[in-house]
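Visitor: Sequence below, structure please.
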Amino acid sequence: MLMPDESFLSTHRSANRHRLRRLHVAALVVAGMVPSVLTAQAPPVVNRAAVIRAEDARGAGEDGITPILEALNNPALRELAIRAIGRLERPNQVGNLIPYLQNPQLAATAAEALAQATQGIRAETTSVEGKRALVDSVFRALRAVPRRGLTPVAVAAVARSIGRLPYDQPEQARAAESAMLALSPRSGDRWRDESRAMMGIAHGLYSLARARRTLGPLSEPSVRWLNRYALFALKVPDAAPVRRLIWLTLASTGTVDKATVSEALTEDRDEQVRRLAVATLPNVSDTAFQREHLERVRRDRSWLVRLEWVRVYRLRFAADDCLPLLAALRDSVHHVRLAAIDALGAPCPRQDTVRAVLRQTIAAGPSGAAPRSPTDVSWHARAHALLSLARIDTTGGRELLRENSRHPVWQVRMYVARGAVAARDSTLLTTLALDEVGNVREVAIQGLATTVGHLADLVFVRALASKDYHVVLSAARALRGAPVRDSIVPAVLDALERLTKERRQTSRDPRMELLARVREMGTAADARRLTPMLKDVDPMIAVEAARLIAHLNGGEVQVTSATDQRPINPPTGTTRVRVTMSPATGGGTFDLLLDADRAPMTVARISELVRNKYYDGLTFHRVIPNFVLQGGSPGMNEYVGDGPFMRDELSLAHHARGTLGISTRGRDTGDAQWFINMVDNYRLDHDYTVFATVVAGMDVVDRILEGDVMESVRIVGPR
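Guide: Just a heads-up that it's a prediction; the model follows:
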């Protein structure tokens, strides 16, 4: 592990001598190696905006990470700088963070930053032993944090950070469990403080439980701890988040006590706890117990719980009796009704009845675009029923799919394409591969790739000319391993040149796949057409192009790429934004509170787009109840958004129900699409930026369906 002065020198050898000397002194002060009085000779000159911009540039700006390191010597900016160092994910910077674990006021931020910095170890080229030694040293530093004077929030951060270090050995994980359990609150602590500390321990155990395939199952003491606190402060609403996280971990471990499950389902007032308890039922090796409790929760007062019931019942008992699923078609909440339609797309004893019900649902659906009320659906039931029928009735389903292949609502045609994949109808898929909407073409191309493979290569080559990034991506993937390549390489290169001229980082995924096809099929003569990409707006594309040119021609190739940066001034405080849904898609409004202190550059970007009315008329194109709603794409898909890419601003914030995160396709690839967490999604923590919270109108959010339109998005005040 590098000490603070060594890591500083390794990062800033290109800095001028005066700045290097001044900053080297500051780094030594941070490490406690020289008296702080020396800093009077070189007072810091950095400000908040400079630190945030340096972090946003990920150290690639003119001053590198110098402003961040300078800010460590400024008490007013120190916490901001510590967080920024962690977000850089540079393992060689951990030495600049460890000293702050001894400061009770900064321990939580330092622990979080250390855990985040070590995530970058996966990209390091050092030996496995070297990586393991660094992780072990960070673990020892976290374990040694003095408990005395530490706030419950800091205890939680330390435990949470211990649990998510990038371990690669089971013995490391078991040591981490012991260290976390040792932080468990003492008996007699106030329940509120106790719950805050327990959140961190449960979060750390959850991280290890999710990595059980690599690190092995949780130890017996950990499982006992989880079961002991699964009913913690059962009658106290504010303690519910602790129980939710514990139940989520129990679901991941596959170990659950029947009596605890029963009490949670019958006594816990928190709907998310009951939902998670339902999710653990498949792990209970008692069929009668499962049936009894599923029968009880199918009428639970919360639709979140009833929705989970549909999933678990389908998994465990629908093959024997699908009558309860048919009854769920009359549920008062449309998410549950649609889930029941989906669940009927599997064999069950009453197959004739199910087919008749699905046909009736299809016939009752609108033949065109139709408005919907807040409590009802539009095209949705028809589309879902088409897909379910195709899965259980190939002949009848295929007939109805073809009848609906020209439906004026493109989402219906997209479901028709999914049904055609299930029915393996390559003729219909070939037709839909020419649809006017890219989202339909994408599904059809993916379906052709799995049903007929390279027999459809001419369709795939034609699709490379699409303006839709996701269509090009699907086509390029489908051409992998093509036996006849003469017409493919020119089309691939044409697509690469066209997308490159657009100068949009958001085209990264299709271009990376196109480059992979050139590597697979190209020759040295093709290398010259790749040369302009060496100056690409996306550094990752430039690096990959250089590697490919070297592969085709031999030798080394220099990259001169420069990342585009928007000159945004980081805001402070909170901003209130109101989203008004179109009356034709359910209507209603909900308010968001944007947190610029936690995610300044994200809030700056979103606020700018809101002021420019960017989101007006856009949709929620991805709706997964009991998970997330995602929207804000002009193309109504994952791959079309605003550029250049946004930087992740990760923090200790949870992806709790009602919070908003930025959708990405890998680190630092946000394109201003955002998602709303419909439940507590702790598995998204530390990977996706949390930048806002729904503070009014969550009932409107709960009603949103796929394709619903945001009529307007406006800033309505500072709070």
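
Visitor: Surely A653 touches V690?
Guide: Yes: contact criterion Cβ atoms under 8 Å: A653 and V690 qualify, at 3.8 Å. To be clear about C-beta, it is placed using only N, CA and C from the backbone, and glycine gets the same treatment.

Visitor: any shared contact partners between these two?
Guide: Overlap of the contact sets of A653 and V690 (by Cβ atoms under 8 Å, 6 or more residues apart in numbering) consists of D595, R598, T659.

Visitor: so who does the second one touch?
Guide: Which is R598. E649, S651, A653, V690, F691.

Visitor: Helix, strand or coil: sort out it for me.
Guide: coil (DSSP: H, G, I helix; E, B strand; the rest coil).

Visitor: Using CSV, please lay out the contacts of R598 together with pLDDT.
Guide: Below are the contacts of R598 laid out as CSV (pLDDT from 0 to 100):
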residue, pLDDT
E649, 97
S651, 94
A653, 95
V690, 98
F691, 98
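
Visitor: Just the buried residues out of those, in ChimeraX syntax.
Guide: Filtering these down to the buried ones (16 or more other Cβ atoms under 10 Å) takes a single ChimeraX command:
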select :649,651,653,690,691
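
Visitor: can you list contacts of stretch 200-208?
Guide: 155-164, 173, 176-177, 180-181, 183-184, 215, 218, 222, 225-226, 229, 242, 245-246, 248-249, 252, 682-683, 685.

Visitor: whoops, stretch 284-291 was the one
Guide: V256, K258, V261, S262, L281, P282, R316, F317.

Visitor: Check which helix or strand the fourth one maps to.
Guide: Yep, that's S262 we're talking about. Element membership for S262, per DSSP states H and E: helix 258-267.

Visitor: what's the average pLDDT for that helix?
Guide: In this model, helix 258-267 has a mean pLDDT of 94.

Visitor: Pick the one among the contacts of stretch 284-291 closest to R519.
Guide: P282 (43.5 Å; Cβ to Cβ).

Visitor: and the closest one, how many neighbours?
Guide: 15 (other Cβ atoms under 10 Å).

Visitor: roughly how far apart are it and P571?
Guide: 46 Å (Cβ to Cβ, to the nearest Å).

Visitor: just to revisit the earlier point, least confident pick among the shared contacts of A653 and V690?
Guide: R598 (93).

Visitor: How much space separates it from A692?
Guide: Counting by Cβ to Cβ - R598 and A692 are separated by 10 Å.

Visitor: So, low pLDDT: which residues of the chain?
Guide: 1-44, 186-192, 561-567, 719 (pLDDT under 70).

Visitor: Contact partners for L234?
Guide: Counting by Cβ under 8 Å, 6+ apart, L234 has contacts R243, E263, E267, D268.

Visitor: mind listing what's buried in stretch 699-712?
Guide: Quick answer for stretch 699-712 (16+ other Cβ under 10 Å): V700, V701, D702, R703, I704, L705, E706, G707, D708, V709, M710, E711.

Visitor: In helices, which of the residues you listed fall?
Guide: When the buried residues of stretch 699-712 are checked against helices (DSSP state H), the matches are V700, V701, D702, R703.

Visitor: from the residues you listed, which single one is nearest S302?
Guide: D702 (10.6 Å).

Visitor: pretty sure the closest one contacts V679?
Guide: No: in this structure, D702 is not within contact of V679 by Cβ under 8 Å, at 10.9 Å.

Visitor: before we move on, the earlier item: could you list which of the contacts of stretch 200-208 belong to helices?
Guide: Using DSSP H, the contacts of stretch 200-208 in helices are 155-163, 173, 176-177, 180-181, 215, 222, 225-226, 229, 242, 245-246, 248-249, 252.

Visitor: filter those residues to the buried ones?
Guide: Buried among those by 16+ other Cβ under 10 Å: 155-163, 173, 176-177, 180-181, 215, 222, 225-226, 229, 242, 245-246, 248-249, 252.

Visitor: Can you redo the shared contacts of A653 and V690 as CSV, where the extra columns are distance to V610?
Guide: CSV is the format used below for those (distance: Cβ to Cβ, whole Å):
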residue, distance to V610
D595, 15
R598, 18
T659, 18
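
Visitor: with the residues you listed in mind, which one is nearest to E55?
Guide: Nearest to E55 among the shared contacts of A653 and V690, counting by Cβ to Cβ, is R598 at 13.0 Å.

Visitor: gap between that closest one and D685?
Guide: For R598, the distance to D685 - Cβ to Cβ - is 13 Å.

Visitor: Find residues that contact each of those two.
Guide: A653.

Visitor: what's the neighbour count on R212?
Guide: Quick note: R212 (other Cβ under 10 Å) scores 15 neighbours.

Visitor: Do I have it right that it meets T253?
Guide: Yes: here R212 reaches T253: they are 7.3 Å apart, a contact under Cβ under 8 Å.

Visitor: what's the overlap in contacts for the two?
Guide: Joint contacts of R212 and T253 (Cβ under 8 Å, 6+ apart) are L218.

Visitor: quick one: the strands in this structure?
Guide: 574-581, 589-595, 619-624, 628-633, 659-662, 674-677, 690-696, 710-717 (DSSP state E).

Visitor: Looking at those, which is nearest to R398?
Guide: That would be strand 619-624 among these, by Cβ to Cβ, at 26.8 Å.

Visitor: chain center to that closest one, what's the gap?
Guide: 14 Å (Cα atoms, centre = their mean, to the nearest Å).

Visitor: Could you name the helices and strands sitting against it?
Guide: Where contact means 3 or more Cβ pairs under 8 Å, 6 or more residues apart in numbering; DSSP states H and E, strand 619-624 is packed against strand 628-633.

Visitor: Just checking: what are the partner strands of the strand it packs on?
Guide: strand 619-624 (antiparallel), strand 674-677 (antiparallel) (DSSP bridges).

Visitor: Mind checking these for the one nearest to R402?
Guide: Comparing these under Cβ to Cβ, the one sitting nearest is strand 619-624, at 25.2 Å.

Visitor: want to throw the strands paired with strand 628-633 into CSV with mean neighbour count and distance to A696?
Guide: Listed next are those as CSV, based on neighbours: other Cβ atoms under 10 Å; distance: least, Cβ to Cβ, whole Å:
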stretch, mean neighbour count, distance to A696
strand 619-624, 20, 18
strand 674-677, 24, 13
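
Visitor: quick one: which of the ones you listed is nearest S195?
Guide: strand 674-677 (20.3 Å).

Visitor: outside of that closest one, which residues touch it?
Guide: By Cβ under 8 Å, 6+ apart, strand 674-677 touches 606, 622, 628-632, 655-663, 684, 688, 691-692, 694, 701.

Visitor: gap between A144 and V138?
Guide: Applying Cβ to Cβ to A144 and V138 gives a distance of 11 Å.

Visitor: In the chain, which helix is the longest?
Guide: helix 191-210.

Visitor: L250 is in contact with T280, correct?
Guide: Yes: applying Cβ under 8 Å, one finds T280 in contact with L250, separated by 5.8 Å.

Visitor: Report the set of residues contacting both of the two.
Guide: By Cβ under 8 Å, 6+ apart, the residues touching both T280 and L250 are V256.
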